[in-house]
Structures are given as C-alpha cells and as structure tokens.
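# task: produce atomic coordinates for the following.
(3 chains)
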Amino acid sequence: MTDVSVLPGSHPTRRDLTSEDARARVRRRYRSEARFRWYGIAALVVTTIFLVTLIADILIKGLPAFTQHSLSIDVPVTAEMADPEGNRSEQSLRSGDYTGLVRNAVKAELGVDGRVATGHISKILSTGAGDALRRAVVADPSLIGQTVKTTALLSDDADLYYKGVGTVIERADGAAAAKPSDVKGEITVTAPGAFAAEVASLRERAATTLKELEAQIALYDGSSDQAVRDRATPLKEQLPPLQAIAANAAAELPLDPHISSFLVAINGGIVKVSKLSGDVATGTALIPLKTADAAAAGTWQRVTYVTPEADRKVDDSKVAFLDRVQTDGNVSRGLNTLFFTSGDSREPEMAGIRGALVGSILTLAVTLALCLPIGVMAAIYLEEFASKNWFTDLIEININNLAAVPSIVFGLLGLAVFLNFFGLPRSAPVVGGLVLALLVLPTIIIASRAALRAVPPSIKEAALGVGASHQQAIFHHVLPLAMPGIMTGTIIGMAHALGETAPLLMIGMVAFIVDIPGGFTDSATALPVQIYLWSDLPEAAFKQKTAAAIIVLLMVLFVMNGLAIWLRKRFERRW
Amino acid sequence: MDMMTAHQTRSLTEAASAANPKVVAREVEVYYGEKRALNKVSVDVPDRGVMAFIGPSGCGKSTFLRCINRMNDTISTCRVTGKITIEDQDIYDPELDVVQLRARVGMVFQKPNPFPKSIFENVAYGPRIHGLAKSKADLEVLVQDSLQKASLWNEVKDRLHESGTGLSGGQQQRLCIARAIAVSPDVILMDEPCSALDPIATARVEELIDELRNNFCIIIVTHSMQQAARVSQRTAFFHLGTLVEEGATQTIFTNPTDQRTQDYITGRFG
Amino acid sequence: MAGIYFVTLAVLTASAFLMARSRAASLAGGRGKEALHSLPIYHGMFVASGVVAVMLLIFIFGAPLVSHLAHSSAVSQLPADVAADRLKSSTAFREIFRIVAGEAAGPQATDAIRNAAEAYRSTYASGNWALLATGFAAALGMLLFGTTRITTSFRARNMFEKFVKVVLVICAAIAILTTIGIVLSVLNETYRFFFDPDIKGKPTVLGFLFGTEWNPQAAMRADQGDIQSSFGFLPLLTGTLLITAIAIAVAGPLGLFSAIYLAEYATPRIRSVAKPILEILAGIPTVVLGFFAALTVAPLIRGSGEWLGLDVASESALAAGLVMGMMIIPFISSLSDDVINAVPQSLRDGAYALGATKSETIRRVVLPAALPGIVSAFMLAISRAIGETMIVVMAAGLAANLTANPLEAVTTITVQIKTILVGDQEFDSAKTLAAFALGLVLFFVTLALNFIALRIVQRYREQYD
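A predicted model of the protein is given here:
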C-alpha cells in the first residue's frame, strides 16, 4: 500500500490524487476492502448455517419421537391365557400372555386368521402391547372372563407408518358394479371398465421408474471405478419386470413391488391385486370380505399405495391392517411417556432415557462432590497461599496442560488406575464421576481463581485489620464473595462433563442396561453414551429416539448455561 | 482559628504523656526485595491522643504505619528490621501471634471498605472472631456501644440489618471506625481516612477522631497538612523514607527545625 | 465395610469436636482465669481434624493391605500350577470374586477355587474388622490426647490453620498426581506392550512406528498359532492427520475470518448475536456432532458423490473432517479474537495515519502482529482435533487404510483406542495393550502441541505488556 506507483510521463515527485488513474486505484482499494469485509460476513453466515442446519436436522428427526401411537381395543380376557397356573396368584397373573390376548383381539376385529396374518399382526403390535392390560388384570383379577378396553402399544414400524414414513394412499370410488369371486384367498373382482384409469397410470408409473432406473444404471456403468460399476448389477435385475409392465400392450397387467400397489376395498375386505386389466382385478384377500355379493357402483373403492412396496418397511398387508384400524378410529397419538419413564430396551417403542438420565445425574453428583471442594481449595491455595517457587510453577503447568489433554486419555487413566489398580466396579457412576472430576478440575480451578482474583483486596485488608487471620479473611469474606463466580464456572464445567462421552466408554459405562441404576456402584450408562449406543442401531425408530435424546441433552445443557449466565448477571458486582 | 488555639493549649499539656509512650519504634527499616523503603525510623507514640504522619507521596509514612500492625506481612517480598514495641511487647517477636496483635491495633483504610454484609455484621465480626462477647445480648450491646462511639448509631439504628455498602462514603468510613473500635484496640491506625470523602464527611470524621483521642492512641497518615494541624497533637514528617522531624504539632507547623520540613509545610514541594 | 468405617469416622469426628469445644469453653469459663488464645470452636475443629486425619490415613494404607492379605491367602489355597500361571490365576480369581460377591459359581469352580474363595472371604472379613478396630483405637487415642492437651494458651486456631493449609496443598497437588497417574498408567502398559515376554504377537518399537498395516484382530489369532505382526501405526497416523487437515481447512478460514470480522468490523449488535452463536456451537457435545456427521453429512456427501459419479465411502474422511471443522470453528475464532484484540490500538492508528484502508491495516499490520497468537490458536485447534474421539468414532471408519483420499474411509488413533477397549479386555493380550501405546502417543503429541502453543502465547504477551 505504500508503493504508490508512478506512471511513465507523470512527474515522479508529485502525485496527482485527482487523476483518473489514482481514482481507479482508490476504487480498486475500496473494492478489495469490501471484499475483505464480505469474507468475514460470509464466514459468520456459513458458521450460522452450520449451526442452524444441525439444530433443524436434529429437531426434525427427533420431535416425532416425543409422541407415540397406540391402539385402543376391547380385549376378551380369557382365563387360560391371563392366568396360566389357574390359581389367580400374582406370579401367575404376571406371567400371562397378555400380548397374545391383544393379538387375538386384533385378529378378531380385522376378521383375519392364519399363520401369515398372525405374524403380520405381531409385527404391528409392540412386544409390550399387553403391558397395560397386565397391569390392569394384576391390580384387579376379577377382570378375567370379561372384555376389557385397553390401550395397546404399537410397534416401531407401525408407529413410523402413522407418522408418515409409509406411503400415500389414494382412494377412488368404483365407477361400476363389482363382483368378487370369493370372500378369501385368491379372488377375482370383475367390474367392467372400472380399472382402465389404474391400468394406464400404473403403466405410466412403471415407465417413469424404468427411465430413472436406466439413468442410474448408465451413471454407474460410466464410472471408472469398479466398485461403482458393481452397484449397477442388482439394479439390472429389476429391469425385466418393469419393462414387461411398461411395454405391455396386452389386456392383463402383472404388478410388481417396484411400482405402486393397487388394491380393491370391497364388501368390508381388501384385495391386493397382482394382475389387472381394464375389467378384472385378480389378487389375494388381505382382509377377508364379508360377502361375495356384487357391490354397486360407489359402494366399493379402488385403493393405490403410491410408494412401491419394495421401498418401504411395512408391506401391503400391514398397511391394510393399519389403515383399517385407523379408519375405525381406534388409533390415537399421545405423548410418549415411556420415553421418559423407562430404561433402555431392544424394542425402539419401549426404549426410554430414564436409566441414562439417572446414570448421568449420579455420575455428575460424584463429579460435583469431588471437583467443587477440591477445585476451590486448590484455587484458594494457588491464589492466596502459594509462594512463588518450583512447586507452585509445577502445579500451574500441570493444570494448564491437563486442561488440554484429550478426554479419552482420562478414560485410559480411569481404566488403568481406578478399575485395574484400585479394583473399583466397571460401568459404575462412581468411577465415571471420578474420571469426569479429574477432567473438569482444571476448568473449575481456573474459573475459581479468576473469581477469587476479582474480589478487591480491600475486603481482605479490612478483615486482617480487625484481627482476622489470613484464613479467616479468606473463608469468611473473600470466598463468599467469589462464590457466584465459582458457581458459574462450576456449572459450565458440569455442562462440559454432562456432554462428555469418550472417557465413559473406556470405563465400561457403555453396556446395554435395562434397569434404572439405584446407586453409585450399580451398572449404569449416561445420556451421551445412550445417544452413542442408539445411533449405532439399525432401526429407523432408534434414529428418531437418538435425536430425541439429543434434544433432551441439549435442553439440559441450555438450561445449565442459562443458569450460569443468570448467576453471572444477577451477582455481577462492580467494585 | 479558635480551634487551633484550643489544640495548642491541649498539646502543651499533653506533651508530658510522651514520657510514657504506647508505641516505641527503634531503627525500623523496610525492604521490598532489594529496595529500601524506610530508613532507620525511630519514634515514640504517646499513650493517648493523635499523632499524624505527614510527608510527600512515597515518603514511607504509610509503609511505616503498616509496620505497626504487621500488615506488611501479607506482601511476600517485604522484609522489616529494627524493633517496634507496643506496651513493651515486641510485635515482631516470632512467638507473638500476628492475629492477636491486629486485635490490639485497629486499622482504618484510605477507601472505606465495609464488608458487603449488614451493618451489624460489620461491627460484630471482630468481637465474634476474638470471642469478646459471651452472649448474643453482649454482642448487641457491644455493637451499639461501638456505633455510638463512632457517632453513627443515630443514623443507622433503624437499619442495622441493611448492607453496610449502602451507606454514604462518610458513613461507611465511620462504620469502619466503629468496626475497628469494636475489638477495643490499644492503638488505631488510620491510613488517609478522609482522602476519599467530601469536605462535609471529612469534617464529621475529623470530629470523631477528636472525640476518640481521649480513649485511644491514634496514628493517622494524611497528605493534608491542614488535617494534621486540626486533629493531631503530635506530628512526624517523613521524607524519602526517613523520619525527618517529630514533635508537638504546633511546633512542627510554626517552628520546624529542619529545612525540608519548612519547605514542605510552606508548599515548596509535595 | 467401608460404610461402617466412615460412619465411625463421622461419629468420632463429631464427638471429638463437641468434647474439645466444651472443654475449651469450660477452661475459659470463670473470672480471673486466663483468656483462651483461640476460640473454643477452633479447639474443637483442631481435635476433630486430628481424628479425621488419623482415620483416613489408616484407611488409605490399611484397605489395600487387607486386600493384599486376602489375595495372598487365596493364592495359597490354589494349586501351584494355577498360582504360577498368570492367565490361569486371573481366570481363577474371576471365579473367586464371583463366589465372594455371592453370585452363582460358574462351571470352572473347582474345590480348590471354592476353598480359595472361602480363605479370601475370611481373611478379608477379619482384616476389615482389624482395620476398623485400629482406626477406632487410634482415633479414640487422638481424641483423648487432644482433649486433655487443651490449655488456655494452646494455639488451636494456628494449628488448625496449618492443617487446613496442608489440605489446600494436597488439593492443589492433585493436578500433579493426575498427570503422574496418566503418564504411569500409559507408560506401564506401553512398556508391557513392547517388552513383556509373556505377551504374544507384540511388535517391535520400530515395527510399531513405521509399520503400514494395522489389524489388531489378527494378533488375537496369534495366540492360536498364526503369528503375524499387524501393529503398524502409520495408517492410523495418516488417517488422523487427514481428518485433522480437513477439519483445519474448514475451520481455519471460517474461524479466522469470523474473528477478524468480530474484532474489527462488527457493531456491538452483531457481536451480541454472533458471539452466542459461536458459544452455542462450542457447547454442543461432540456425540451430537458425531450423530450429525454419521447420519446427515456422510449420506449427503455420499449422495452427492454418487451424483457426480464418484465412489464415496459411507464413512468417508471428508464427513468426519467437515463436522470436526464445525466443532473447531468457535475454538479458533475465540482464541484469534482475543489475540487480535490484544494488538495495541497504536499500531492500527499508525497505519490509518498513512492512509491505509481498514482491510489493508488488518492484513499488513494487525495480522502480522497477532500472528504468533494465531499460530498458537491453530496449534491448540490441531491438538483438539487429534484428540477428538466421538465424531470420528461415529463417522469415521474402522479399517486402517493408508490413503490421502478424503473420500475413502480412514481410521484414527482415538477410534482404535475406543474400538480396542470397549468390550472384553484381556490385559495379557497385545491387542489391549496396543490401545495404551496409542494413548501414550496421543498424550505426548497433544502435550507437545499445547506446550509449544502456550510458550508462543507467553512470548507474544510479553511483547505487548
């Protein structure tokens, strides 16, 4: 910026600041100024976008998990299933097959039977579907033999289906009279001209899907990478049936799981169509028909499950069942209290964070009990009593370095020293608390020292002046005045400890633990570890639970930090 | 000038009390690390009355004052040699508990520094840590007594349990004086007690000092020569770490023996 | 047992306090008696602190002794061949502990093991009673001795304050103990990893440092005869450095430009919005960022790679590095903000006076002056990235690929430590010990980075103080 260049021909010692060239130069410099400024704004904007995306992503994923669908249904409680030993003892009542009772009730309601249908219904219901009923019966054994209205928990897949992770269902009334050939099994529904629209649209959908598939295959095949080219192989297998549909000019269309499913709802039953022509639909009854009588135009419906069956977790029969119980008005969406009241579970719909929360609270209690007094006393020593010597220097260097040691190394320390050397129990909050205490100790010492330093020396002098000893001056006057600052630092340290995961993995707080821990030496896990564990599970519902647990964790952290800020504002003192 | 004459007569009659001194300092030297801040100071402070230390900034008057209750102990690089006795007790005796010394030597600081606690607690703190009150009633009497002696009682008796930091500057300083006298010290040290106060508050504090001189031995450091003349009976002039001259206040101000004292009180430097 | 001990401790401490206090008070009672040097409460505290100290010391030294005695009495019951073999005896002891804990004995419980468990239990129980008795007697002695020694001139407050000061020193020294604990625990296991003759399949030091293949699972099979060295550290190092480099490439410019903008351009209003955003980002637990990396960013990158016809691993280094960069942005920005603010205004004024624009001043004057501080901020950020665990555990791979391609999966030091140590640990296998060797490397690398960074900052501070 100092080398203002001199144009040939102009006078070397005088610069004309109004010349065109000089003005261009100034404009250039201002442009670069603006550019530089924009870099800064862009950096902040990108960072903000990162944060907003992160939060939005987690909210979108996690919020649905705070609600849960359940089915309310009348269940006839039979003695042989509710009370296998037949003696009405509590033990016997507890061991009854209540989920089986609920399953039977659902089967009866839908009018379905057989092994396949039973299997589908088992997958719709949670393994804990009978829990509410069990509680009711154990509390009141006289319910046996009666029909009881109960609320049955639905499985994760069913729950996700109702939350919209399934398919769009299109319905249209049948325009002509339709005659089913039978009430169950393979059925042919004859309705002259009624299916022409579906034949056309399904053919069109097949053509679209085919085009997309071919484009994808072409993309893979064009890659120089063998691994990418290999991905095309399974796709190629999907081609022939789609080609068959798209190119089919014949009257009868064979359907395929890679295009939308078409069903006929008639006479109280549902028929899944496997072959379709303009006049005749042939398929299997998913829900049996009540009669095989002809249905007049407008009294039956053509139903399309738009998402291809191959692309969703719930197959057509489950969709049919779920759709039926929903249209019957028996499904309700409520707050997912189980999420806050139960421990971990292999079943996503029954898994909760209570165990992890209690584990975190126990761990943090140990951490707080250790690192607050130790940290404050260390800070008092360093700030007030330590003379300048090699020992004090050594302590200071150690504190600064420990503040930057990776947390996983503290986990190694916990494993080698607390577990192997001292023989403390694995997976226990007491060990987790010890390790986290060492981890946040530097933070607390540094914050406490700053808080002690902020108390004006005149207070200490006043106390010394009336004959208080140095320690009396510190403990009676300086420490109480530094306490808000120390508490602020401590809360921030605790928030840090609450989010810490890696060291807890090292000391085994990473097991699958169903029970809520009851003490400091029980096996436990912690909230961030629970998040880690769930995030690794394949079920989509667990992904939602993970995000929901993250929301809870972030809320707790938010409250803690808010408290710290409030404390700082509230007790901030201008001396 | 009426007050001045009153002081003069008093100081003449009380000159004799110096024969039985409360605080005796002999050849006191103070070092901060290698630097010598005070050079062979010897002085006798009389049993009753007010002695003023005057001198330009950095002359060592505050340093010497802080030697008398060993406040300099809190500075790790500070080293004191020589001998100071209070009632023939060597205060630098290693056997002596510095905390007990400070109970006998009260101190009032430059800036009012009440504890951020209630007025009552401010005064009660000293008696409490020294076990001076047997019961709660004793303590209340003691607090009231001290506040009365500090002429603050009437102003604060209705709000003893409000914070001491809520008082005005002059009231805060009188509260600090009440806090100091609550442990009934032998000596009260005052380190420029009025430098942070406005003139009206200063006058109140000076009046108070004048009342207290009958019961206490008071040493006051001040940068204001008028103040020294108003409140003290004896004055010591410090310059560059040495005690230049000490004597009855009237003598120092009217007829100093040393040229430096003369220059200072006439305003040639300072 | 420890519970009873500490209840006894609490009871004795309380009674020591009360007795000593009332005795001191009674001494000071009547008229004409000499005044107490210290308040009665300090006499109480002093004697009580003596009781606490004695009982704690006895417990700290006694409890491990009792365990040791119980252990050796159990060993004496085991057959000689079991007692001599480390592997067998550790299996036997696992069984013994289960029996002692009252759980059902496993299938390996022989009579010898049952006897050993019985010996362990009885020695342990009697040892604990002896410990309790010793502690009780010593504390009682302390109480009586302390209480009778109370005189009016006894300086209980000074003595108690000396005790408190010792406690304060011990608290401050815990930082040193922690460092020693870390160093000793990783050094000990690392030494065994390289030099313990009982460990099979272990590498040489050079083989570890320069080996290009990492596969600790293969070494487990080494026990079964298939000896194969597979502890090559290099792929872990390159993997760690690759992810760190991506993170710094993201966070460096973003963090630095944010800091410059906040320190030099931003109005107080923008600062009051931007600062909390950075603070929130800094406060997000890494496990959350790991979830975001693994479930959102990685599929996104894979998807866009596919769209471009690139083969992107589902656990690509790019995803982990990108999100780790997010984590580091606030770190770099707040440290750089501090150093930029520490540059004296006079330097800026000098540049403005020459007619420099703001950006020219920043680029030519402020940044060069703040350079040491910014360099140290980057070093601390690198050290943070190298030591970060959860993001890479969740978003980076397990396979140790020696590659510089950010689209491939790589693994890092921390991922391997976590993978090895979560689950079953056999402290006699090279695989488990390898984790500690990695921990040692990690500890010293981060330590060195921090040490240098702090040094640079100190230099820099002195320059402008």
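# every contact and neighbour count from this point should use C-alpha atoms.
Will do.
# identify the residue of the stretch 1-150 of chain B closest to chain C, quick one.
Here the stretch 1-150 of chain B gets closest to chain C at one residue, B:Gly131, 6.0 Å apart by Cα to the nearest Cα.
# which residues of the stretch 351-500 of chain A lie near chain C?
A:374-375, A:377-382, A:394-395, A:398-399, A:401-402, A:404-410, A:412-413, A:416-417, A:438, A:442, A:471, A:496, A:499-500 (Cα under 8 Å from any Cα of the partner chain).
# make it 7 Å
A:374, A:377-378, A:381, A:395, A:398-399, A:401, A:404-406, A:408-409, A:413, A:416-417, A:499-500 (Cα under 7 Å from any Cα of the partner chain).
# quote the end-to-end distance of stretch A:106-117.
11 Å (Cα to Cα, to the nearest Å).
# just the buried positions in it, please.
A:Val106, A:Lys107, A:Leu110, A:Val112, A:Ala117 (16 or more other Cα atoms under 10 Å in any protein chain shown).
# list the residues that contact whatever residue of the stretch 351-500 of chain A ends up closest to chain B.
Going by Cα to the nearest Cα, chain B is nearest to A:Gly467 of the stretch 351-500 of chain A, at 4.4 Å. Under the criterion of Cα atoms under 7 Å, 6 or more residues apart in numbering or on different chains, the contact list for A:Gly467 reads B:Val99, B:Gln100, B:Arg102, B:Ala103, B:Gly126.
# looking at those residues, spot the one nearest A:Leu357.
When these are ranked by distance to A:Leu357 (Cα to Cα), B:Gly126 comes first, at 47.8 Å.
# counting contacts, what elements does the helix or strand containing that closest one pack onto?
Element membership for B:Gly126, per DSSP states H and E: helix B:119-130. Helix B:119-130 sits against helix B:136-149, helix B:169-181, with contacts defined as 3 or more Cα pairs under 7 Å, 6 or more residues apart in numbering or on different chains; DSSP states H and E.
# would TSV of those helices with mean neighbour count be doable?
Listed next are these as TSV, based on neighbours: other Cα atoms under 10 Å in any protein chain shown:
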stretch	mean neighbour count
helix B:136-149	18
helix B:169-181	27
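# next up, the contacts around A:Ile507.
Here A:Ile507 is in contact with A:Gly411, A:Gly414, A:Leu415, A:Arg426, A:Ser427 (Cα under 7 Å, 6+ apart).
# residues near the third one, how many?
By the criterion of other Cα atoms under 10 Å in any protein chain shown, A:Leu415 has 26 neighbours.
# name the nearest residue to it, sequence neighbours excluded.
A:Ile507 (5.4 Å; Cα to Cα, 6 or more residues apart in numbering or on different chains).
# likewise for the second one?
Once its chain neighbours are removed from consideration, A:Gly414 has its nearest residue in A:Val435; the separation is 5.8 Å (Cα to Cα, 6+ apart).
# gap between the residue lying closest to the residue of the stretch 1-150 of chain B closest to chain C once chain neighbours are set aside and C:Ala293?
Nearest residue to B:Gly131, sequence neighbours excluded (Cα to Cα, 6+ apart): C:Leu39, at 6.0 Å. Going from C:Leu39 to C:Ala293 by Cα to Cα gives 63 Å.
# between the two, which is the more surrounded one?
Neighbour count, other Cα under 10 Å: between C:Leu39 and C:Ala293, C:Ala293 has more, with 27 against 22.
# run through chain A and note the low-pLDDT ranges.
Chain A contains residues with pLDDT under 70 at A:1-15, A:248-251, A:572-575.
# ok, then the element right after the longest helix seen in it?
Counting residues, the longest helix found in chain A (DSSP state H) is helix A:20-62. Using DSSP H and E, the helix or strand that follows helix A:20-62 in sequence is strand A:67-76.
# what's in contact with that following strand?
Against strand A:67-76 from outside (Cα under 7 Å, 6+ apart): A:101-102, A:105, A:145-154, A:159, A:330-336.
# so the one helix or strand C:Lys162 maps to, near chain A or not?
Assigned by DSSP H and E, C:Lys162 falls within helix C:156-195. Yes - against chain A, helix C:156-195 shows contacts by Cα under 7 Å from any Cα at C:Leu168, C:Val169, C:Cys171, C:Ala172, C:Ala173, C:Ala175, C:Ile176, C:Thr179, C:Gly181, C:Ile182, C:Ser185.
# what is the burial count for the closest residue to the fourth one other than its chain neighbours?
With sequence-adjacent residues excluded and distances taken as Cα to Cα, 6+ apart, C:Ala172 is closest to A:Ala378, at 4.0 Å. Other residues lying near A:Ala378 total 32 when counted by other Cα under 10 Å.
# so what does C:Phe231 have for phi and psi?
phi -110, psi 60 (degrees, to the nearest 10).
# C:Leu209 is in contact with that one, correct?
No - C:Phe231 is beyond contact range of C:Leu209, at 8.6 Å (criterion: Cα atoms under 7 Å).
# settle it for me: which of these two has more neighbours?
Remark: of C:Phe231 and C:Leu209, C:Phe231 carries more neighbours, 28 against 14, as counted by other Cα under 10 Å.
# ok so, going back, now, the residues of the stretch 351-500 of chain A next to chain C that are in helices?
Reading helices off those with DSSP H, I get A:Ile374, A:Met377, A:Ala378, A:Ile395, A:Asn398, A:Ile399, A:Asn401, A:Ile408, A:Val409, A:Leu413, A:Gly499.
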